[in-house]
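Participant: turn this into a structure:
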Amino acid sequence: MYISTTIILAFAYRAFADSGAAFLQDGSALYSSDPVSLTTDANCVENGNCDALDINSDHLSSTLTNYAKDWAHPPKCIQSQNGTDKYCLYTHHAFANSRGISIFTTPDKAARLLELPAFTDETAHTKVNSEPDPPYEARSLPGRGIGLIANRTLHKGDHIFSNTPVIMVEEWIFSEFEEAQRLPLQEAAILQLPKGAHDKFMALHGHFGTNPYDDNFNTNAFAIEIWPNDEDETAYNVVMPEISRLNHDCRPNAHYYFDPHTLTHHVHALRTIYPGEELTISYIDPAQALVTRTTALKTSWGFDCACSSCTAPPPHAAASDARIAQLLALQNSLEDHAPLTNPGDGVGAAELLVSLYKQERIEGPVCEAYSLAAHEYASVGDEWSAVKYARLAVESGLLYAGPDGDDVVDMQELLADPKAHWSWRFRERKGAESDEEDEEADEDEDEEGADEVEKMPVEAEKENEEGKEGQFEGAAKLMQRLESERQRLKRKERALDEL
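Facilitator: Predicted coordinates:
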């Protein structure tokens, strides 16, 4: 499943109630550290002019003198406890047509980010962060806050909006530093933004009632990857204020993906959406059992899900959980590409997997089922069915994971030349390899049997010599074994001749 890979599902970091506690992924205790103080003057708070930030701490480095000309403020850095890792706050005012962005990361990764088209290509953010004629309107919804309601019919694949983050925080920061150390820089990250981006962030709603900078971040952050193929790749937690206007549904009608080249978050319709219908996305992996979904949403976002799937009558909810369980089992089995006694069974399993996704109304990740179906049809040499499902996989995958998604890339390779794709007749190849392995095992067994036949007369003679009493009985038993083994070898030879 796309959990890890491929673009990443929404995740919010929780801040503990104690002011000195910090979120740590593995639950272990953080090192003790002197508190970090961050003082700002009135001009910084009121006008966003935060050049005068004064940071005092043994763990906070002095302002860097040779900072890149691209950054609007001198980077402000904090040293990790081990003294080798340094994380700095960088703010870029010209980013995304002057929307601006603040980034909390290491100096080397900040330099790499500046090499992305997001910073080097002036056309990278054309029609991004711009909604001259949006296909929706914001309304106040009972019990759901503000929501977006479609004002015209949207079809599958229609673009809804695209936005860039206003803040990016490397995930390791939450485990490397205590709240007292990192929070001042998180505050500075927002204060240093251009006014428009600053105001959008501060207008967000938090669920946990802590520091507003931290609460707004924790409640509205998404986890994304910039360089997913790097061995030491770490995720970033980003906030796009606009995406927070989309409420959650476990069976949503829209989905998003993050483009790591332009640092842009794109939202598209997953199915036909009619005027008056609320636009929704899923904050979690929808292919999970009811209790798993509701627990995750309550823990991470602080609300009880009231979507139709989570509030279905018990018999319907139980049937849904059963479908999800079978869906996950089938998908895991097909992804392993395990050998099958009957290669055609893979096709049947893949068709059932697609059906289960459809029955559950899971419109985004269904691209994974389409890809597996394309593999299975290719595996038995059914070119046209493989192409059919590859087309469906690309259509859905572009909406679910974007053009760089693993399934999209794989299926485009299959479409380019189905018979040259790795999956072409792979079930038959696996069957042949399995037959060869069986034949080799039989040959080894035959050789062992022949050796045993040759040894048996010697063993018979030896046993006959060792005992006077019962010597004829021992010889008879050995001769029976000898004859039995000879007959087995003859049957094997006849079977091989027939093949």
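
Participant: may I see the buried residues of stretch 245-259?
Facilitator: Of all the residues in stretch 245-259, those buried under the rule 16 or more other C-beta atoms under 10 Å are 246-259. (Each C-beta comes from the backbone N, C-alpha and C, glycine too.)

Participant: strands - which of those residues land there?
Facilitator: 247, 248, 254, 255, 256, 257, 258, 259 (DSSP state E).

Participant: surely the fifth one touches residue 265?
Facilitator: Yes. Here residue 256 lies in contact with residue 265, judged by C-beta atoms under 8 Å, at a distance of 5.8 Å.

Participant: residues shared between the contacts of the two?
Facilitator: Taking C-beta atoms under 8 Å, 6 or more residues apart in numbering as the contact criterion, the common neighbours of residue 256 and residue 265 are residue 243.

Participant: what segments of the stretch 251-400 of the chain are helices?
Facilitator: Along the stretch 251-400 of the chain, the stretches classed as helices by DSSP state H, counting those that start in this stretch are 290-301, 314-336, 344-359, 366-379, 383-400.

Participant: these into JSON lines, with extra columns for mean pLDDT?
Facilitator: Rendered in JSON lines, the data for those read as follows (pLDDT from 0 to 100):
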{"stretch": "helix 290-301", "mean pLDDT": "94"}
{"stretch": "helix 314-336", "mean pLDDT": "97"}
{"stretch": "helix 344-359", "mean pLDDT": "96"}
{"stretch": "helix 366-379", "mean pLDDT": "98"}
{"stretch": "helix 383-400", "mean pLDDT": "98"}
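
Participant: hang on, the earlier thing: closest one of the ones in strands among the buried residues of stretch 245-259 to residue 423?
Facilitator: Nearest to residue 423 among these: residue 257, at 24.4 Å, using C-beta to C-beta.

Participant: rewinding a little: distance to residue 207 added to the ones in strands among the buried residues of stretch 245-259, as JSON lines?
Facilitator: Shown next, in JSON lines, are these (distance: C-beta to C-beta, whole Å):
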{"residue": "247", "distance to residue 207": "13"}
{"residue": "248", "distance to residue 207": "12"}
{"residue": "254", "distance to residue 207": "22"}
{"residue": "255", "distance to residue 207": "23"}
{"residue": "256", "distance to residue 207": "20"}
{"residue": "257", "distance to residue 207": "25"}
{"residue": "258", "distance to residue 207": "23"}
{"residue": "259", "distance to residue 207": "28"}
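
Participant: which one of those residues sits closest to residue 210?
Facilitator: For these, the nearest to residue 210 is residue 248 (21.3 Å; C-beta to C-beta).

Participant: can you give me phi and psi for the closest residue in space to residue 242 that isn't next to it in sequence?
Facilitator: On the basis of C-beta to C-beta, 6 or more residues apart in numbering, the spatially nearest residue to residue 242 that is not a chain neighbour turns out to be residue 163, at 4.6 Å. Torsion angles at residue 163 (phi, psi; degrees, to the nearest 10) stand at phi -140, psi 160.

Participant: dump the residue contacts of residue 163.
Facilitator: Contacts for residue 163 (C-beta under 8 Å, 6+ apart) come out as 128, 129, 240, 241, 242, 243, 264, 265.

Participant: tell me the bridge partners for it.
Facilitator: residue 265 (DSSP bridges).

Participant: what is the neighbour count of residue 159?
Facilitator: Other residues lying near residue 159 total 12 when counted by other C-beta atoms under 10 Å.

Participant: quick one: the nearest residue to it once chain neighbours are set aside from residue 183, how far?
Facilitator: Spatial nearest neighbour of residue 159, chain neighbours left out: residue 268 (5.7 Å); criterion: C-beta to C-beta, 6+ apart. Per C-beta to C-beta, to the nearest Å, residue 268 is found 35 Å from residue 183.

Participant: next one: residue 168
Facilitator: 16 Å.

Participant: how's this structure carved up into domains?
Facilitator: Each structural domain of the chain that the record assigns through automatic domain parsing is listed here as a residue range: 37-301, 314-424, 427-498.

Participant: nearest to residue 307, of these?
Facilitator: For the domains of the chain, distance to residue 307 was read as C-beta to C-beta. The smallest value, 4.5 Å, belongs to domain 37-301.

Participant: tell me the gap between the closest one and the middle of its chain.
Facilitator: Using C-alpha atoms, centre = their mean, to the nearest Å, we find the averaged C-alpha position of domain 37-301 to lie 18 Å away from the chain's own average C-alpha position.

Participant: now do residue 58, the pLDDT please.
Facilitator: You'll see residue 58 listed with a pLDDT of 40.

Participant: picking that back up, okay if I get the ones in strands among the buried residues of stretch 245-259 as CSV plus pLDDT and distance to residue 91?
Facilitator: Listed next are these as CSV, based on pLDDT from 0 to 100; distance: C-beta to C-beta, whole Å:
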residue, pLDDT, distance to residue 91
247, 94, 30
248, 95, 31
254, 98, 31
255, 97, 30
256, 96, 25
257, 95, 26
258, 95, 21
259, 96, 22
